[in-house]
Every structure is written in structure tokens, then in C-alpha cells.
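*Asks:* Have a look at this prediction, sequence included:
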Amino acid sequence: MSDNPENAPEHCPGTKSDDAGKASACAGCPNQQICSSGQPKGVDPGIELVKNRLVDVKNKLMILSGKGGVGKSSLTNLISRTFAHMNNNENFGVLDIDICGPSQPRMFGVIGEQVHQSGSGWSPVFIEDNLSLMSIGFLLDTPDDAIIWRGPKKNGMIRQFLSEVDWGTLDYLIIDSPPGTSDEHLSVSTYLSTSGGSWGAVLISTPQEVSLLDVRKQISFCKKMNIPIIGVIENMSSFVCPKCSTESKIFPSNSDVQNSTQIMCKEMNVEFLGSVPLDPRLTRCCDEGKNFVTECEDSTAVIALKQIVENIKKHFN
Amino acid sequence: MLDHVKHVILVLSGKGGVGKSTVSTQLALTLKENGFKVGLLDVDLCGPSVPYLLNLEGKDVHQSSEGWVPIYTDSSKSLAVMSIGFLLKNRNDAVIWRGPKKTAMIRQFMTDVHWEDLDYLIIDTPPGTSDEHITVMECMREVKCDGAIIVTTPQEVALEDVRKEVTFCRKTNIPIIGIVENMSGFVCPNCRECTNIFSSGGGQSLAELIKAPLLGTLPIDPRVGVLAGTGKAVISEIPDCTTSTVFKEIVEKITK
């Protein structure tokens, strides 16, 4: 197995095998063409391009979750805004690699903005003085346009995002991802692992078992791909009625199990970073593109976020 | 392909976590309660939820001369289920596949599962408009498809992705049966105050925009949430709740 490339699929026959590029496991492997052509193995030129482009990016933070709709995009948005708000003299960039369902332009209130091309690459859209954003949402004509692409085309786009966006000097590049453990995740983690600097992934879950199930798969994915796991955030953990202040568990974990996410973290041996409660104002801010961190400073969600950001920073220092 | 299946219904949403799998399983269970023979195919390969929701985790798929034998929920054999979850050794295992391998797996699910005679086959999908969806749509050219049920939640952020899925259906000529709005409000168990945690009215406005019927709005109901993982039908466990009424109406509509 020693001659297998790091990004080889599970049942890779080995690059020197007669079956190289022809076995069923080779379908979809990025190296299939190289293997089947019989040519000596070359290195993806994209790796060097990404490395050169991200040389001034100190830390890279991936936001992952196997499950959809648990708040990856909302928390990417809130974490980056909290980071930018608390650290005025540091620079932050957000990259949205959810190709089929980009949400960041709406959440940052920059729908309809254009990305400009200059000699040094694509210029990201600036939200604050120290916070910039790149998303495929900026490249679509109307919000109804669907990107109906298979994997290889999505990978090409992600490579372009990583190698051609002119981020300048960044302290943190925060990457929002789609749900699952497939093309987008494999591509981005392969490029980041070879680009130098420190990096890691924060996983998002909600308290239900059906969501934790997919997050467990994501942890297995990270371990297999050697992605450092910073920890898990539990989102939508409870809801406080605005009228009578009764706290309800909206998304019940299994019958009587409390702290389901913490238990899962212990079981899978990863750190628990904190819980973010549900706040209807948060949903509204995300829909309207407002900065929840400054609009609703009194919210328990903001207090929780500040603590989570501190926990994440500890990992990188 | 799918020769003995009378009707095929897709459950789609561009957005993740809006309740596609919950709607798929409850729709299948409601159809079953109404005396139909139902199949449920889960093509979400990276995050299969159907085995957990129906309390079928750990069951094994067997191979027969006719093909893969699906898992049946009970001895009446009126609900057959197929998911990649049944093929994994451990529930923590991740399926780390790029597109072409996912495509091959879905084609196999479409051709090699021995469903026997089915009145309805419900196909539960992952979020997005990519490999899995393109493959299913390609298969639907060979099979008559009744249409797609689109699931959304009321926030703008979700609607934006769902509109992309609608564009996808239009481009691939899949008729839209209607829209289901999920998580539309939460009634406090203490004071009965209804809070629209994820905003409100999104399903209605989307239905008007794309000129498709709104099949119903499902509130956030922790009693329904607790049923996840038991494999029980909402209509038989909590017959008087809004969720039951909505599912009854949807089934009336599609079986007419």
C-alpha cells in the first residue's frame, strides 16, 4: 500500500498494480487518468498553486458537519463576525465552498455584489474592514440559478477558489462547507493539508440522534483524512419562550438522554466547544444579512459564541 | 428498471436538515397505514438517516437470485426499505466517495433491488443538485415518475436553496407535486404562545412564486421528534396533531 497516494480511495489497487486505474474503486479517483495511462505519476499542479496563494494565510479553519441544516453556514457567519469584532487588528476571510447551496452572501447581506478580477486574482467582497468573503453565489446571475454539476466540476471550482482569490494577508481563513463526506470535502482537505500553516476543523451538530449519527461519520472522515479536529459545537440546543421564559428542548435527543452531544464527544474522543441556543432574532438577522453579534449583544447566543471563539483560538495559539 | 413499481415519488430539497428524511419516512408509513405496498429508497449515501428513523439499524441486506432483498419493517411486508446504511459494518463508518462511485451505487440501487410489487416507491435524497440528483433524474427517464415533493423550512436562507432545486426540477422535467413547509412554528408547551423560530410564511410565498400547490405546513412538535428512531407512524401514535392531518391530506392528494 506504500505507493498509494494519500488521497486514494478505500480499495485502491496501488499505482503500480496492473489494475491501476481500471479497478471499480478507481471510478472517481482524481488520479484515475494518470494511473490508467501508464505514465509515471505526476503531482496535481493545483497543490503548488494553492500553496503559493495561501502563503500569507496563517490559520485555516474548516466548518464541517455530516448533517445538513444544523447551522454550518450560520455559525461560520457568526464565528467569523465574532472573530472580526473581537480582534480589530487581525484579518479574516470566509470562503463558501457549498457550490449547490451557497448561503453566505445572504447571511452577510451582500447579495448581488460582484466579484472583480484583477491582475492578482479574484478580489473577495469586503463585509467589514477586516472581513472578506468569497462564494459561488457572487458568480450567479439570479438567485434561482441552480448549479447542476457533478463532482469533478465542483472540484475544479474549489481549486480555483483556493488558488485564485486574492485574500491578501489573513490571520484566519474560515471555510464553510456543504453537508456530507464527498468531493468538496476531499478536495479542500487535500489542498489544505499540503498548504502549510495550522489548520483544523470545527464540527457542528444539533442534539438529535439523527444528526449526531452523521456527525459521527464526519469525525471518522476527519480521522481518516488526518484533519485535526478542534471540537464540536452543539447548535439549536434549547429554546426559551419569549413570553413565559420556559425553556424547551425543541429537537429532543433520545427520550431521556441529556447532553447527547457531550456524550458523543466523549465516546468519539473529541473536544466539546460549547452550545448555542436557539434565538428567533438570530434567524432573522441571518435572513436579513445583519450582524447578530452587534445587533443583539445581550443574547445568550452571543455570549456562548464569544466563549467558543476563545476556545477555537486556543487551538491555534 | 423498477418494472413492478406503479408510482415513483421523489422527496427533494436543495437545503439540508429541513426534514426530507422525516417527511419521506412518515409519508411511507402513512401510505402503509392506508393499505398500500410501499418501498422507500434512501439515496443519501454520505448521511443515510432512514435506517435510524425507522428503527432498522443493524439489519443486513441479503442477496437473492433476483437481486438485493430490501429490509421489511414488519412481517406484513408492506414497507420495504433500502439504504446504504444497511451495507455499513459500523454506524460510525463514513462513506468517503467521490461522485462517480456514488453514481454507480445509485444505479445499482435502482436496478438491483428486488422490490416485488409496489404501489409507491418513495425516494429520499441528499441536499443539493449534484451527482446523486443527476443520476436519479437520468434513471427517471426510463421510469415514469409521478413527481417530486419539495420540503422547505420558512427562512429565506432555506428558500434560496430550495428555489435552486425547483430550477433543477424544471430543467429535468420532473413535475412538482407540491411543497411541504416544515418547522413553521413552535407552540410553547407552557403558555401556548406560538413562536416562529425559523420565520414564517416561506412555504406559501414559494408556492405562489413557482405556482405549485402548498401541501401543508408542519409545526415544530417535539412529540413528533421523539418518534424519530422508533419507526412509528405519527398518524397512528398522535392522530389528532397537525402533523397527522397534513400527512393524511398529502396521501389523499397523491393517491387520488
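*Replies:* Good, I have the coordinates.

*Asks:* Next up, the contacts around residue B:254.
*Replies:* By CB atoms under 8 Å, 6 or more residues apart in numbering or on different chains, the residues touching residue B:254 are B:7, B:9, B:120, B:146, B:177. No exception for glycine: its C-beta is placed from N, CA and C like everyone else's.

*Asks:* now, among these, which is nearest to chain A?
*Replies:* Checking the contacts of residue B:254 against chain A with CB to the nearest CB, the nearest one is residue B:177 at 18.9 Å.

*Asks:* right, and the helix or strand after the helix or strand bottoming out on mean pLDDT in chain A?
*Replies:* Ranked by mean pLDDT, DSSP states H and E, the weakest helix or strand in chain A is helix A:32-37, scoring a mean of 73. The C-terminal neighbour of helix A:32-37 among helices and strands, as given by DSSP states H and E, is helix A:45-53.

*Asks:* Counting neighbours, show which residues of that following helix come out buried.
*Replies:* Judged by neighbour count using 16 or more other CB atoms under 10 Å in any protein chain shown, the buried positions of helix A:45-53 are A:46-47, A:49-51, A:53.

*Asks:* Could you give the average pLDDT over it?
*Replies:* If you average the pLDDT over helix A:45-53, you get 92.

*Asks:* With chain B in mind, check whether that helix reaches it.
*Replies:* No: using CB under 8 Å from any CB of the partner chain, helix A:45-53 never reaches chain B; the gap is at least 15.4 Å.

*Asks:* Show me what that helix is packed up against.
*Replies:* helix A:151-164, helix A:183-193 (3 or more CB pairs under 8 Å, 6 or more residues apart in numbering or on different chains; DSSP states H and E).

*Asks:* which of the contacts of residue B:254 sit farthest apart?
*Replies:* B:120 and B:177 (12.1 Å; CB to CB).

*Asks:* Pull up the overlap in contacts between these two.
*Replies:* With CB under 8 Å, 6+ apart as the test, residue B:120 and residue B:177 both reach B:9, B:254.

*Asks:* How about chain B: which residue is closest to chain A?
*Replies:* residue B:16 (1.0 Å).

*Asks:* Name all residues that make contact with that residue.
*Replies:* Counted by CB under 8 Å, 6+ apart, residue B:16 has contacts A:67-70, A:101, A:178-179, B:126-128.

*Asks:* One more: residue A:286?
*Replies:* Residue A:286 neighbours (CB under 8 Å, 6+ apart): A:74, A:77, A:106-107, A:292, B:155, B:157.

*Asks:* and the longest helix anywhere in chain B, which residues are buried?
*Replies:* Assignment by DSSP state H gives helix B:156-171 as the longest helix of chain B. Neighbour-count burial for helix B:156-171, counted by 16+ other CB under 10 Å, picks out B:156-169.

*Asks:* and what of stretch B:229-236?
*Replies:* So, applying 16+ other CB under 10 Å, buried residues of stretch B:229-236: B:229, B:231-235.

*Asks:* same thing with stretch B:238-246?
*Replies:* Buried-residue list, stretch B:238-246, by 16+ other CB under 10 Å: B:238, B:241-244, B:246.

*Asks:* Stretch B:72-83 now?
*Replies:* B:73, B:78-83.

*Asks:* Report the entries of those residues that also contact chain A.
*Replies:* Checked against chain A using CB under 8 Å from any CB, the buried residues of stretch B:72-83 give no members in range.

*Asks:* Could you dump those into JSON lines with secondary structure added?
*Replies:* Shown next, in JSON lines, are those (DSSP: H, G, I helix; E, B strand; the rest coil):
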{"residue": "B:73", "secondary structure": "coil"}
{"residue": "B:78", "secondary structure": "coil"}
{"residue": "B:79", "secondary structure": "strand"}
{"residue": "B:80", "secondary structure": "strand"}
{"residue": "B:81", "secondary structure": "strand"}
{"residue": "B:82", "secondary structure": "strand"}
{"residue": "B:83", "secondary structure": "strand"}
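
*Asks:* Name the nearest residue to the residue located most distally from the centre of chain B, sequence neighbours excluded.
*Replies:* In terms of distance from the mean C-alpha position of chain B, residue B:191 ranks first, at 32.9 Å (CA atoms, centre = their mean). Take residue B:191 and drop its neighbours on the chain: the residue closest to it by CB to CB, 6 or more residues apart in numbering or on different chains is residue A:244, 4.1 Å away.

*Asks:* does stretch B:160-174 come close to chain A?
*Replies:* Yes: applying CB under 8 Å from any CB, one finds stretch B:160-174 touching chain A at B:160-161, B:163-168, B:171.

*Asks:* Nearest to residue A:213 among those?
*Replies:* Nearest to residue A:213, judged by CB to CB, of those is residue B:161 at 22.2 Å.

*Asks:* surely that closest one meets residue A:103?
*Replies:* Yes: using CB atoms under 8 Å, residue B:161 is in contact with residue A:103, at 7.2 Å.

*Asks:* which residues of the stretch 151-300 of chain A score low on pLDDT?
*Replies:* A:254-257 (pLDDT under 70).

*Asks:* can you pull out the strands in it?
*Replies:* Counting by DSSP state E, counting those that start in this stretch, the stretch 151-300 of chain A has strands at residues A:170-176, A:198-205, A:229-240, A:247-248, A:272-278.

*Asks:* Rebuild the ones you listed as a markdown table, extending it with mean neighbour count.
*Replies:* Output for the strands of the stretch 151-300 of chain A, formatted as a markdown table (neighbours: other CB atoms under 10 Å in any protein chain shown):
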| stretch | mean neighbour count |
| --- | --- |
| strand A:170-176 | 24 |
| strand A:198-205 | 23 |
| strand A:229-240 | 23 |
| strand A:247-248 | 16 |
| strand A:272-278 | 22 |
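
*Asks:* Put together TSV for the ones you listed, with distance to chain B on each row.
*Replies:* Formatted as TSV, those follow (distance: least, CB to the nearest CB, whole Å):
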stretch	distance to chain B
strand A:170-176	12
strand A:198-205	10
strand A:229-240	6
strand A:247-248	6
strand A:272-278	6
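
*Asks:* could you dump those to a markdown table with distance to residue B:45?
*Replies:* Listed next are the strands of the stretch 151-300 of chain A as a markdown table, based on distance: least, CB to CB, whole Å:
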| stretch | distance to residue B:45 |
| --- | --- |
| strand A:170-176 | 22 |
| strand A:198-205 | 19 |
| strand A:229-240 | 22 |
| strand A:247-248 | 34 |
| strand A:272-278 | 28 |
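
*Asks:* Nearest to residue A:30, out of those strands?
*Replies:* Comparing the strands of the stretch 151-300 of chain A by CB to CB, strand A:170-176 comes nearest, at 19.3 Å.

*Asks:* Run through who's touching that closest one.
*Replies:* So strand A:170-176 is contacted by A:54, A:56-63, A:72-73, A:76-77, A:79-80, A:83, A:87, A:90-98, A:103-104, A:167, A:188, A:316 (CB under 8 Å, 6+ apart).

*Asks:* how far out from the middle of the chain is it?
*Replies:* The chain centroid and the centroid of strand A:170-176 are separated by 10 Å under CA atoms, centre = their mean, to the nearest Å.

*Asks:* now the angle between helix A:183-193 and that strand, please.
*Replies:* 160 degrees (axes from the mean of the first three to the mean of the last three CA atoms, to 10 degrees).

*Asks:* partners of strand A:170-176 in the sheet?
*Replies:* Strand A:170-176 has its sheet partners listed here by DSSP bridges as strand A:57-64 (parallel), strand A:92-96 (parallel).

*Asks:* would TSV of those with mean neighbour count and mean pLDDT be doable?
*Replies:* Below are the strands paired with strand A:170-176 laid out as TSV (neighbours: other CB atoms under 10 Å in any protein chain shown; pLDDT from 0 to 100):
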stretch	mean neighbour count	mean pLDDT
strand A:57-64	23	96
strand A:92-96	26	97
